[in-house]
Every structure is written in structure tokens, then in C-alpha cells.
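S.K.: 3D, please:
(chains A and B)
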Amino acid sequence: MTARRPTLEDYRSVVPAGTVDFLRRLSERVRGRRILNVSVSREVGGVAEILHGLVPLLEEVGVESAWETLDGDGRAAPLTARLHHALQGGEERLPEEIFEQFLAFTRARAAALELTADMVLTHDALPAGLVEVRPQEGAWVWRCHIDVSHPQRRAWTFLRQYVVKYEAAVFSLPAFAQRLPIPQFMIYPAIDPLSDKNRELPARSVDSICERLGVPRDKPILLQVGRFDRFKDPLGVIEAYRLVKRQHDCRLVLVGGAESDDPEGVELSAEVREAAERDRDLHVLELGASARVEVNALQRAATIVLQKSTREGFGLGVAEAMWKSKPVIGGFAGGITAQVVYGVTGYTVNSVEGAAFRARQLLADPTLCTRLGQAAREHVRQNFLVTRHLGDMLALLATLVKRNG
Amino acid sequence: MSERAARTPFPFLGCWELQEMLGRRAYDERELLEHLEEVPLDSIYFHTHSVFLRERGLPGPYPNDFASWAAIQVRDRVLGEKLGIIDPHDLSDLESLRTEVVSLIDDHLSQLGAVPRVIFGEPFYFMQSRVLEIPTGVKVRTLKEFRDVLSTVDSSVVYLHVVEARGRKGRRRHDFATWVDEQLGLPELAAAMARMNPFPFGLEEIRRRLVALCDGVLAAGA
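M.R.: A predicted model of the protein is given here:
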């Protein structure tokens, strides 16, 4: 990847025809306006990845875009993790002091921030409390990236008192919408087709990366990428692979891993490795977050990509695989159902047997594989590229600035 | 005749849809019915008309969200088929469309012993949208120019001038037919364009048919 960040013009060859010109026209509605994004971190996580792509594009089309972080030094990372876990339905009952810490942290950091803009977007839980010190002018939007479809009631009640003070909230799926007295918009996240994770790779690079990772290309590859978490069901994927293997000689590559401070993940990782021990066609690769080109190559080398989650946020890995023209077999969960068009770009399944059945069907019919893969790429081109996300942000700005006069 | 230049050019407008969630959801067909009676008309419009904008690349198996949900998520194909045949073009306005959908579901439920509900599928989420009009900057004065631009513009242009013009703005005819009639003096072409119903076809097919109609007139005039 070149060091130069892509410009909007660079996307012209990969996005739907006319999109770039259309975005420039759309941006005329809000040229000269100012957006401020406040996220937890600039370095870590999906939100940072999204903003690294979006902020320069907003600047390029004439929207002044600032980006502040609330926890650049990571001091509040454990607090954020516990709060997010509870908002995503985790069982741990949060003690009162967590909420007090949240308030104290937000208040302490707020003083150092310049919070004036035509639209201020605070991303996820930690910066949500900044609305307490908002200036009168400007539209404030709470952007929620996490799955709050079944939040722990106490955590959500705490956060809700701040959310209702915003002009609007933005969620990634209709299932995440809450009972709120403010408008709730839905904006899907998106992938960057020119990033290391998604850009085109020459076949020889794919070959050499697979060779380096010890994954031979001699038989069809089933692939799942995702941290080792019960909700991603890597053991279910292994079961499905074994059912497939009875009829089709193939390999399974599981790319994942677990953080050392996540005991459940470490335990699951050990179980996955044990299950893989005596099978030379089952590859478990623990790659770090920086292994973007490697994941790109593995997705391109795969015949079928699985995302057999039983619970999922949006699951953008699905769109990444679809962009590489791969049929995806996904669990019926979260954003996977929004990305996979059943029978057209892949299949959603509700069981190990369902995953195995569809994988067998696809391996037996390469023409079907190709057809679904091509449709998948076009579906992503229309709906899940960063240019669509840019358009949604411009439209949101135009809508809210108009409402605020 | 086809070389005539309009006094007022046709300005092609596209659009961008911002989706808004109402926070209402239905897990069974009775709940769907009850919400349908209460939601804003914009939501009825979203689920029956602007579905075109969201299925530009891959048209779905059913022409509106209500039919898709019943058939795919609830697995009640009978209701899916009944809702799928509803053509908003046959109804005078959105309130009539709401009445038609409600009475159809009510009638369907009255014939069943139990209310079908989602078991493995997703609930129905009620949405609405804000559609922002975006000038493309392209204006045309002749039928040839109109035809050439129409064949290449973003499909949201077709949506805005054909679907939105009638469905939400309540215009008697869609914008293309009106301009061809009033500015180019081609009433027969305008009538043929106006008769075109996008609902069974989707945006790309309606574009193809509109361009073909223009080609017919241009060829006859050549």
C-alpha cells in the first residue's frame, strides 16, 4: 500500500458509475460546514478505522472535519470495555462506581476539548456524556457502533439520560433502535475498497502469503476470520467443516485469536487448537490486528467464507469477503442478514448442519459459487463501500443543519 | 418533430436517501397490522416505494417490504403473495394504499386459526426516510439529449422523477412525461411514458423502456 491516503478520485474506478460526481454535488449542500467527531481512540478499534477513512474524504469535499479523542492514552480502556460489554447484554452487573468513574472521566476530559461545530458526533458510550457541556449552537448526534439490541437495562438507563439530550442518534441496524424521543437514523458501516484489507492483490502475492502462512492451495479452502469468542462459534465451524469433509476434500482456515486478558477467549482458543491438532487440513492462525494484507490474501484464496456467528454486531468481515467475490455462509445474526442476500450472494444459516449443507452445495457447484460471488461483489459495491458512508454523513449533516436553521 | 428544442430545459435531479428508524417493530402479523394503522404515511411510502432505491443492484423477490417480510421472515407465503400483488399505481394516494394493505392483512388473519409470527426470522422494523434532492447539473433541451442523458444517469434520477414525483409529491404524471408533453409537444410519447408502471420492473428496466420509447420516436422522425 502506498503511504498516500486515497482521494475521492481514486475511488472512481471501483464505486458505482457516477457516484463520485454525485457525492461532489451532494457536498455542495454542506460545503464550508464543520463536523467534529469525538471518539475514544484514534489508534484502536473499528471506529478509529472508519474515521481514518471518512475524515479525509469529508475534508476533501469541503466539509471542515475535526477529530478529537477522549482517551488517547487508553487510561479508560477497561472502563469502556466493561460499559460496552454491559450495553451489549453482558451478564456482569456493573457496580455504581463504574458510572461515577464514567462521569468523572468525561468531565475531566471535556475541559480540554473545543466542542464547537455545525454537527458534533460522539462515537459510542464514553464520549456520550459530553452532551452535558455542549454549547447551544450546533447539532449533536450520538453515533452508536455497538450492538445495543439487548442491553443490560441498568447500563442503558444510565446512558439514555445523555442520549435524549442529543438532536439525533445513529445506529448501524434497525434492530439496535431504542425507544427514544429523538430521531434515530440508520447508517450501515462500510469497508474501504482501497485499504490494505481490501485492495486488489496480484495472484503471486496471494500465493506467497499463503505459502508463508503454511496454507497450501491444493484443495478448496473454507475460511472464517474472527476472534475466538463463543458468539463467533469457531467450534461450530469445525463441526461443519467435518461434515463437509465427508464428501469434499477441503481445508479449513480459522483466523482468530484471543487477548490474554480475556480468560474465556483463551480457553476457547485452547479448545480450537485441540480440535485442530490431528487434522493437517485444519489451520488455526493467530494473526495480529496489523495482519491486514494477510487477511486480504486469505479471503482471496478462499473458496467459501464463513461467518457462522450466533451473535454479531454488524460483522463487516462479511462485506470484506463479498467484495472479493466470495460467497458467504453466515449465521443468522446481527448485520450478517443485512449483508447476505439469501440465495443470491450467499446463505444465512441457523445451525452447524445448515452451514455444512450450504458449503457442500457450493463446493459441488463451482458455477453457483462464481455466480453468488459476483452478485456479492456488486451488492457490496452498491451498499457497503466507504463512498456510501460518506454520502450518508453528508446527508445527515445537510438534514440536521437544515433543521437547526 | 423530435428535433424540437424545449424553451425550458429538463434539469435532471438525483437524490440521496437517509434512513430513519421509527423504533417500532412487529413480531407477528397482528402486530404488523396494528402498527400499520398508526405509522406515518412516510413509513408506508418507505416500505412500498423507496424500496427501489435500496434494491438497485439486486431486485428482491417481492416488490415491497411487507410482502418480503411475510414470505421470507414469517414464512407465510400466502400473505407474501397477496401483499406482493398490490400495485401502488392502482391506488390514488398513500392513505388508500395503507387501507388496502391493512384490509388485506385483516382479511388474511380472519381466515387463520393462529396469528403467524417470526420464529427463526427477524421482526419487521418500521422505517421512514428523508430524501435529499441533488441537482446533477445536467439540463437538456431536445429529445435526443434527453434520451442520451437518461440512459447513463444515476438510477436515483429515474427514481426521483418517476417514483417520487407521483408517489410522494402526488403529481398526476411523472416528470419525464410532463416535460415531453409540455416542452417538446409530444403528447403520444408522453402518454406512453406516463403509462409505464415501475412497480413490476424496478428502476433499470423502467429506464430501459423509457429510452426505447424515445428511440422509437427519434427513429420515426429521422
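S.K.: please make it C-alpha for all contacts and neighbour counts, starting now.
M.R.: Noted.
S.K.: point out where the stretch 151-300 of chain A drops to low pLDDT.
M.R.: A:260-261 (pLDDT under 70).
S.K.: what about the strands in it?
M.R.: Using DSSP state E, counting those that start in this stretch, the strands of the stretch 151-300 of chain A run over A:168-171, A:184-186, A:221-225, A:251-256, A:282-286.
S.K.: to chain B, which of these lies closest?
M.R.: strand A:184-186 (4.2 Å; CA to the nearest CA).
S.K.: gap between B:Lys139 and B:Gly113?
M.R.: To B:Gly113, B:Lys139 is 58 Å away according to CA to CA, to the nearest Å.
S.K.: for the two, indicate the residue with more neighbours.
M.R.: B:Lys139 (16 against 7; other CA atoms under 10 Å in any protein chain shown).
S.K.: do I have it right that that one meets B:Pro11?
M.R.: Yes. Here B:Lys139 reaches B:Pro11: they are 4.4 Å apart, a contact under CA atoms under 8 Å.
S.K.: show me where chain B has its strands.
M.R.: B:10-26, B:124-140 (DSSP state E).
S.K.: out of these, the one nearest chain A is which?
M.R.: Among the strands of chain B, strand B:10-26 comes nearest to chain A, with 4.2 Å by CA to the nearest CA.
S.K.: what about that closest one, average pLDDT?
M.R.: Mean pLDDT, computed over strand B:10-26, is 95.
S.K.: tell me which strands that strand pairs with, and in which orientation.
M.R.: Sheet partners assigned to strand B:10-26 using DSSP bridges are listed as strand A:184-186 (antiparallel), strand B:124-140 (antiparallel).
S.K.: could you find the closest non-adjacent residue to residue 162?
M.R.: Looking at chain A here, since you left the chain open. Nearest non-adjacent residue to A:Tyr162, counting by CA to CA, 6 or more residues apart in numbering or on different chains: A:Gly129, 5.8 Å away.
S.K.: oops, chain B please
M.R.: Per CA to CA, 6+ apart, closest to B:Val162 is B:His174, 5.0 Å.
S.K.: and the one you found, what does it touch?
M.R.: B:His161, B:Val162, B:Val163, B:Ala165, B:Arg166, B:Ala194 (CA atoms under 8 Å, 6 or more residues apart in numbering or on different chains).
S.K.: and those, which is the shakiest by pLDDT?
M.R.: B:Arg166 (80).
S.K.: name the residues of stretch A:31-42 that are buried.
M.R.: Within stretch A:31-42, the residues scored as buried using 16 or more other CA atoms under 10 Å in any protein chain shown are A:Arg31, A:Arg33, A:Arg34, A:Ile35, A:Leu36, A:Asn37, A:Val38, A:Ser39, A:Val40, A:Ser41, A:Arg42.
S.K.: so which of those residues belong to strands?
M.R.: Taking DSSP E, the ones among the buried residues of stretch A:31-42 that sit in strands are A:Arg34, A:Ile35, A:Leu36, A:Asn37, A:Val38, A:Ser39.
S.K.: out of the residues you listed, flag the one nearest to chain B.
M.R.: Among those, A:Ile35 lies closest to chain B (CA to the nearest CA), at 17.7 Å.
S.K.: what pairs with that closest one across the strands?
M.R.: Assessed by DSSP bridges, A:Ile35 has beta-bridge partners A:Ser65, A:Met119.
S.K.: report pLDDT for it.
M.R.: For A:Ile35, the pLDDT comes out at 97.
S.K.: hang on, isn't it packed against A:Ser65?
M.R.: Yes. Contact status for A:Ile35 versus A:Ser65: in contact at 4.8 Å, counting by CA under 8 Å.
S.K.: how many other residues sit next to A:Glu49?
M.R.: 14.
S.K.: max-length helix in chain B?
M.R.: Counting by DSSP state H, the longest helix found in chain B is helix B:203-221.
S.K.: may I see the buried residues of that one?
M.R.: B:Leu203, B:Glu204, B:Ile206, B:Arg207, B:Leu210, B:Val211, B:Leu213, B:Cys214, B:Asp215, B:Val217, B:Leu218.
S.K.: hmm, B:Val158 and the first one touching each other?
M.R.: What it means is B:Leu203. Yes. Contact criterion CA under 8 Å: B:Leu203 and B:Val158 qualify, at 6.5 Å.
S.K.: who's in contact with A:Val401?
M.R.: By CA under 8 Å, 6+ apart, the residues touching A:Val401 are A:Asp118, A:Met119, A:Gly138, A:Ala139.
S.K.: which helix or strand contains it?
M.R.: If you go by DSSP states H and E, A:Val401 is part of helix A:386-403.
S.K.: swap in A:Arg381?
M.R.: Per DSSP H and E: A:Arg381 is located in helix A:366-383.
S.K.: can you tell if that helix touches chain B?
M.R.: Yes. Looking at helix A:366-383 against chain B by CA under 8 Å from any CA of the partner chain, the contacts come from A:Ala375, A:Glu378, A:His379, A:Gln382.
S.K.: going through those residues, which ones are buried?
M.R.: A:Ala375, A:Glu378, A:His379, A:Gln382.
S.K.: of all the strands paired with strand B:10-26, which one is nearest A:Pro193?
M.R.: Nearest to A:Pro193, of all the strands paired with strand B:10-26, is strand A:184-186, at 21.6 Å by CA to CA.
S.K.: nearest residue to the middle of chain B?
M.R.: With distances taken as CA atoms, centre = their mean, chain B has B:His49 as the residue nearest its mean C-alpha position (3.6 Å).
S.K.: next up, the contacts around it.
M.R.: B:Asn64, B:Val163, B:Glu164, B:Gly167.
S.K.: the last one: neighbour count?
M.R.: In this case it means B:Gly167. The burial count for B:Gly167: 21, using other CA under 10 Å.
S.K.: so it makes contact with B:Leu91?
M.R.: No. Using CA under 8 Å as the test, B:Gly167 is too far from B:Leu91 to be in contact (10.0 Å).
S.K.: list the contacts of B:Pro11.
M.R.: By CA under 8 Å, 6+ apart, the neighbours of B:Pro11 are B:Pro135, B:Thr136, B:Gly137, B:Val138, B:Lys139, B:Val140.
S.K.: who's in contact with the first one?
M.R.: In other words, B:Pro135. B:Pro135 sits next to A:Arg25, B:Pro11, B:Phe12, B:Leu13, B:Gly14 when contact means CA under 8 Å, 6+ apart.
S.K.: repeat for the second one
M.R.: Contacts were defined as CA under 8 Å, 6+ apart; by that measure B:Thr136 touches A:Phe22, A:Arg25, B:Pro11, B:Phe12, B:Leu13, B:Gly14.
S.K.: just the buried subset of the residues you listed, please.
M.R.: Neighbour counting by 16+ other CA under 10 Å classes A:Phe22, A:Arg25, B:Phe12, B:Leu13, B:Gly14 among the contacts of B:Thr136 as buried.
S.K.: partner residues bridging the last one?
M.R.: When you say that, I think you mean B:Gly14. For B:Gly14, the residues forming beta bridges with it (DSSP bridges) are B:Ile134.
S.K.: name the residues that touch stretch A:14-25?
M.R.: Residues contacting stretch A:14-25 (CA under 8 Å, 6+ apart): A:8-9, A:11-12, A:61, A:193, A:381-382, A:385, A:387, A:390-391, B:134-136, B:153-154.
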